[in-house]
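> Turn this into a structure:
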Amino acid sequence: MSLPTTAAAGQLTDAQFGRVREWIYRRTGIQFGDNKRYFVDKRVATCVREHGGDFNLWFASLRAGANEQVAQQLVNELTVNETYFLREDHQFDSLVRSVLPGIAAARRAARDRSPIRILSVPCSTGEEPYSIAIRLLSDWPGIEEFDVEIVAADIDTRVLDLAQRGEYGSRSMHRVPPAVRAEFFERADGDRYRVREDVRGAIDFTLANLTDTAQMRTFRAFDVVFCRNVLIYFDELSSRRAAENLFGALRPGGFLFLGHSESMSRISPIFDPVRLPEGIAYQRPAIGAPA
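As a prediction, the model looks like this:
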């Protein structure tokens, strides 16, 4: 028996919605409740239309895993990418005033000249990793002494392309002071700005699925991870899996920053909460630290 095909009209049946919801959960860890039905219906209709107009054929292709392009398009359509430059800037204050000076002091004491590594995941359209780079160049004197590697990762290939292009409109730029615009951006078309070429070239953009443990094993030895405003979309199981993957991505003693409405204490006990002068961060316990 085949399900009614109603996607071309922009409306999924309950059964179709359930099948798509289950697939996206298994793939990304993101759960869509019934209150997100309109959001999902609209975006699935776009995917089905571009595939050929039949829900059953489209979903068979998706489920078989034979066409990764079909799967990636749905992921791209259903991920939320709301961000802007210097968002929750107090955490970047923590980075340059509290976290990096401590890491630098430990490196000097150990005569360790390896690069300091920072991961931004999910990086969305790039505003967060570029904000990190700009704050380091503007406000952290240690940048003259240490090499810093910034890796930016996201599950959405479309936003990764936009991030690498580095062009932004007024919505993304509204918190950027004129002096910072003048130093780190150049005019693009109209009222759009482009991140300076050397800053764009300093960041490595790559694909990552926070809940895919095998894929996340390729992310290791980071000193700092920014993972903000994504765990709120996960259920308990996916949140815990993401937390364990972030734990594995950090060096012992490394720091994790979450979004203002997120708390690792409600997800997993594996991190230590750390109260910094500018706010809360989470730390992977150092080797040899008391349990």
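> so what's Pro285 closest to, chain neighbours aside?
Excluding the flanking residues, the one nearest Pro285 by Cβ to Cβ, 6 or more residues apart in numbering is Asp272, at 5.7 Å. Quick note: C-beta positions are derived from backbone N, CA and C, even for glycine.
> Check the gap between the one you found and Pro101 for me.
For Asp272, the distance to Pro101 equals 19 Å [Cβ to Cβ, to the nearest Å].
> Now for the most centrally placed residue in the chain: which residues touch it?
Central residue of the chain (Cα atoms, centre = their mean): Pro122, 0.5 Å from the mean position. For Pro122, the contacting residues are 79, 153-156, 208, 210, 227, 230, by Cβ atoms under 8 Å, 6 or more residues apart in numbering.
> how does it look with 6 Å?
Contact partners of Pro122, counting by Cβ atoms under 6 Å, 6 or more residues apart in numbering, are 154, 230.
> tell me the secondary structure for it?
For Pro122, the assignment made with DSSP: H, G, I helix; E, B strand; the rest coil gives coil.
> How confident was the prediction at it?
Per-residue confidence (pLDDT) for Pro122: 96.
> which phi and psi does it have?
For Pro122, the backbone dihedrals (degrees, to the nearest 10) come out as phi -80, psi 140.
> Ok, Phe222 next?
The phi/psi pair for Phe222 (degrees, to the nearest 10) reads phi -90, psi 140.
> what about it, how many residues close to it?
Neighbour count for Phe222, taken as other Cβ atoms under 10 Å: 23.
> again, but for Ser138
Using other Cβ under 10 Å, Ser138 has 14 other residues around it.
> One more: Leu258?
Neighbours of Leu258 (other Cβ under 10 Å): 25.
> tell me how far the ends of stretch 168-177 are from each other?
One end of stretch 168-177 to the other measures 14 Å (Cα to Cα, to the nearest Å).
> outside of that stretch, which residues touch it?
Stretch 168-177 has contacts (Cβ under 6 Å, 6+ apart) with 84-86, 127, 191-193.
> what ranges do the helices span in the stretch 101-250 of the chain?
Using DSSP state H, counting those that start in this stretch, the helices of the stretch 101-250 of the chain run over 127-139, 157-165, 170-173, 178-184, 197-200, 213-216, 236-249.
> Highest mean neighbour count out of these?
helix 127-139 (a mean of 22; mean count of other Cβ atoms under 10 Å).
> Flag the shaky bits of this structure, pLDDT-wise.
Within the chain, the segments meeting pLDDT under 70 span 1-10, 65-66, 288-291.
> mind giving me the domain ranges of it?
Taking the TED database as the domain assignment, the ranges for the chain are 14-78, 89-284.
> most tightly surrounded among these?
Comparing these by mean neighbour count (mean count of other Cβ under 10 Å), domain 89-284 ranks first with a mean of 18.
> Start and end of that domain, how far apart?
End-to-end distance for domain 89-284: 22 Å, by Cα to Cα.
> now that domain, how far from the centre of its chain.
With Cα atoms, centre = their mean, to the nearest Å as the basis, domain 89-284 stands 8 Å off its chain's centre.
> so how far is Gly169 from Phe222?
Using Cβ to Cβ, we find Phe222 at a distance of 30 Å from Gly169.
> my bad, Asp223
Here Asp223 is placed at a distance of 32 Å from Gly169 (Cβ to Cβ).
> same deal with Ala105?
Separation of Ala105 from Gly169 (Cβ to Cβ): 40 Å.
> Check Thr46 too.
Applying Cβ to Cβ, the value for Thr46 to Gly169 is 23 Å.
> do Thr218 as well
As judged by Cβ to Cβ, Thr218 and Gly169 stand 33 Å apart.
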